[in-house]
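Novice: fold the following and give me the result.
(one chain, ligands or ions: 3)
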Amino acid sequence: MALIVQKFGGTSVADTQKILAAARKAIRERRAGNQVVMVVSAMGKQTDHLIELAHELSEHPNTREMDMLLSTGEQVTIALMAIALESLGYKAVSFTGAQIGIRTDATYSRARIRSISTDRMKRALDEGKIVIAAGFQGIDDDFNITTLGRGGSDTTAVALAAALQADRCDIYTDVDGVYTTDPRVVPEARRVERISYDEMLELASMGAGVMHSRSIEFAKKFGVLVHVRSSFSDNPGTVIGPNPERADAPVCGAALAKDETRVSVYGVPDKPGVAMKLFSRLADAKIPTDMIAQSSSAAGKTDVSFTVQSDDAYKAKEVVENIVGEIGAESYDIDEKVAKISIVGLGMLHQTGVAQKLFHALSECGVNIIMIATSDIKISALVNRDDAVKALRAAHSAFQLDVEPTKEELEASDGVNATVANFDHAVSARLISHLAGMEDVVVESIDLDEGQARVTLYSLPDVPGLAATVFDRVAEGRVIVDMIVQSSGRDNLANITFTIPRDELEAVVAVADRLCETYGCNSEFDARAAKLTVRGSGLRSHTGLAFRMFRTLGEGNVNVSVISLSERCAAVIVDEAHGKSGRENLIKEFSEETF
Ligand code: ADP
Ligand code: ASP
Ligand code: MG
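Specialist: Numbers count the residues shown, from 1 in each chain. Ligands and ions are numbered 1, 2, ... in the order given. Sure thing, here's the model as predicted:
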């Protein structure tokens, strides 16, 4: 007998007919002799509706009361689903998050799961009942109701599948799988047959709303096989598992985060630890940052830019306003009309010219890039919000994401054609007992690459096509570029920093000299750069982790010149002389998380 977790999103339970249809999907599994746990969301747009009600009363409603309010949406659905199942002749029981014992921390509106007690669910399953669990909610140590963040029912479902060691976790939604990008925005998007955990995690984190990114952290960590499929058809769907669809393609998908905000703090004193104070405050306020760029402006001063989701802009502004005086920065500004497009693919690890191709695609459609940030399997570009869809489309078509792979291409990256979960029961039991909280981050490795050089071009004119031109020139010298950061500073001038293998520096110096002649910009080179990388999953969204990395390096007096954050790695460029000690300090700092 297999144990299946089925999750139904809002549209899939939007009215009683749809609830009945979902109930029949559970019954089908039950009749096949399987045990079934259903996880359901609030009906239709109920969560949005409840948020609107609260906002009619207050601009910034109390977060505890918001969680109390929003959890009611899911409570309605679980009861209706149980009634529907019983009306069809099947035994069922509904449980709220508290009743199942989903224990979370006390961070209202984005609580993280600490533990799940499976006893009550197992008893009900053994009695032959279909268990219906409320998605998106839990309870903290003081019995306050908490919620996991918008879209959090996916996370409940995968977390339950992990805790119960389910054979499968089926996510039923209003699309028939994961697409190369949001098919509502780009109709040419194509459903992928499978996608790797790492790729799905980055895509979800960068805005692919089909899955809550934290659910993929669970899936990867505990080996849960996730199957995304349609509530309204029997189409095959997409398997999220260990393997990519195609190992040879540089990009597997593109994502759009439409509501982003850029924050720049100007004239920050350039001393170790000062900029880190800013990031520590943001981490304390649990605000995830992305696309961090810092660049020297005048002597002894740097400008720091980063992006946050617009939902966090209000809190981020409060933090920045308070800290500007405290750290002696000159000023700050906030641009709330930007959007981020990202391309993701494991194939990027082995292919060159991927970023350059993206910059070209954006340049050809006249889109100006405000910021660039890259990490090992993802490249993000910040653009004006009005340009976002155009930019996403251009990226999608530049990498031919609409083209179906051939049978041979699919077979070439066939690892396991798994249809059930890949649990190593011993490993997941050890993991659960090792971690203080189920959602705690796991660090896989801490690496040092000593052979790097850093190049910075200052005060370039901030015009469309700039990045394309710069990296065309660099590519002419056959140089393999690793990290890239671009930020727009004051006065319509941009800075671009990138890293290269050290033995290529001479060729790049010549290229940079020519670029400086053309653009009247300045350049700076660091021939003794080293890159420190922490690998794991969930590294960007676990806000405290990157900060601990910066703080640990800061305490060792290590100056960080480039920062790159993604869910699967947090990397920084430091002076080579500090590489080894930096790595040792990081290993000590993350010993608890390293598994
Ligand atoms: P649910 O309520 O079932 O959780 P969501 O609205 O959260 O559904 O997620 C499904 C939606 O995600 C789709 O309707 C689609 O518009 C959007 N989406 C965004 N990116 C993607 C993608 N890469 N593949 C499929 N759907 C996507
Ligand atoms: N109902 C919640 C939301 O709309 C959780 C979910 O649907 O996943 O965000
Ligand atoms: Mg969802």
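Novice: can you tell me the SS state at D311?
Specialist: helix (DSSP: H, G, I helix; E, B strand; the rest coil).
Novice: for the residue lying closest to it once chain neighbours are set aside, pull up the helix or strand it's in.
Specialist: Leaving aside its chain neighbours, D311 sits nearest to D259 (7.2 Å; criterion: C-beta to C-beta, 6 or more residues apart in numbering). All C-beta atoms are positioned from the backbone trio N, CA, C, and that covers glycine. Using DSSP states H and E, D259 maps to strand 253-269.
Novice: kindly report the same for A84.
Specialist: Secondary structure assignment for A84, by DSSP H and E: helix 63-87.
Novice: that helix vs ligand 2: in contact?
Specialist: Yes: for helix 63-87, a contact with ligand 2 is found by C-beta under 6 Å from any ligand atom, at G73.
Novice: any idea how far that helix is from the chain center?
Specialist: How far helix 63-87 lies from its chain's middle: 27 Å, per C-alpha atoms, centre = their mean, to the nearest Å.
Novice: stretch 136-146 too?
Specialist: Here stretch 136-146 is found 24 Å from its chain centre; the criterion is C-alpha atoms, centre = their mean.
Novice: contact partners of that stretch?
Specialist: Contact partners of stretch 136-146, identified using C-beta atoms under 8 Å, 6 or more residues apart in numbering, comprise 41-42, 64, 67-68, 70-71, 74, 96-98, 101-108, 111, 113, 147-148, 152-153, 155-156.
Novice: what residues of it count as buried?
Specialist: Neighbour-count burial for stretch 136-146 flags 136-140, 144-146 (criterion: 16 or more other C-beta atoms under 10 Å).
Novice: identify the residues contacting D259.
Specialist: By C-beta under 8 Å, 6+ apart, the residues touching D259 are 309-311, 339, 385.
Novice: for ChimeraX, write the selection for the buried entries among these.
Specialist: Buried residues within these, by 16+ other C-beta under 10 Å, are selected in ChimeraX with:
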select :309,310,339,385
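Novice: from the contacts of D259, list the ones also adjacent to ligand 1.
Specialist: Okay, of these, nothing touches ligand 1 (C-beta under 6 Å from any ligand atom).
Novice: what is the nearest of the contacts of D259 to ligand 2?
Specialist: Of all the contacts of D259, ligand 2 sits closest to D311, with 11.9 Å by C-beta to the nearest ligand atom.
Novice: could you pull out the helices in the stretch 351-500 of the chain for me?
Specialist: 354-364, 388-398, 407-412, 425-434, 466-476 (DSSP state H, counting those that start in this stretch).
Novice: nearest to V511 among the ones you listed would be which one?
Specialist: With C-beta to C-beta as the measure, helix 466-476 is the member of the helices of the stretch 351-500 of the chain nearest V511 (5.0 Å).
Novice: state the mean pLDDT of the closest one.
Specialist: For helix 466-476, mean pLDDT rounds to 91.
Novice: give me the residues contacting that helix.
Specialist: By C-beta under 8 Å, 6+ apart, helix 466-476 touches 352-353, 355-356, 359-360, 362-363, 369, 372, 457, 460, 481, 484, 486, 494, 496, 498, 500, 508, 511, 514-515.
Novice: list the contacts of Q356.
Specialist: Listed by C-beta under 8 Å, 6+ apart, the contact set of Q356 reads 468, 471-472, 475.
Novice: so for the residue in the chain positioned nearest to ligand 1, what's the pLDDT?
Specialist: Residue nearest to ligand 1 within the chain (C-beta to the nearest ligand atom): G9, separated by 1.8 Å. With respect to pLDDT, G9 has a value of 98.
Novice: ok, it touching V175?
Specialist: No: in this structure, G9 is not within contact of V175 by C-beta atoms under 8 Å, at 9.9 Å.
Novice: show me what from this structure comes close to ligand 1.
Specialist: Along the chain, the residues adjacent to ligand 1 under the rule C-beta under 6 Å from any ligand atom are 9-12, 41, 151, 173-175, 178-179, 181-184, 208-210, 253.
Novice: recalculate using a threshold of 8 Å.
Specialist: For the chain, the residues in contact with ligand 1 (C-beta under 8 Å from any ligand atom) are 7-12, 41, 151, 153-154, 171-175, 177-185, 189, 191, 203, 207-212, 228, 231, 253, 255-256.
Novice: just the buried ones among the residues you listed, please.
Specialist: By neighbour count, with 16+ other C-beta under 10 Å, the residues of the chain next to ligand 1 hold 7-12, 41, 151, 153-154, 171-173, 175, 177-183, 185, 189, 191, 203, 207-212, 228, 231, 253, 255-256 as buried.
Novice: let's see which of those residues end up in strands.
Specialist: If you go by DSSP state E, those have 7-8, 171-173, 228, 253, 255-256 in strands.
Novice: coming back round to it: the strand holding D259 near ligand 2 anywhere?
Specialist: No: against ligand 2, strand 253-269 shows no contacts by C-beta under 8 Å from any ligand atom, the least distance being 14.9 Å.
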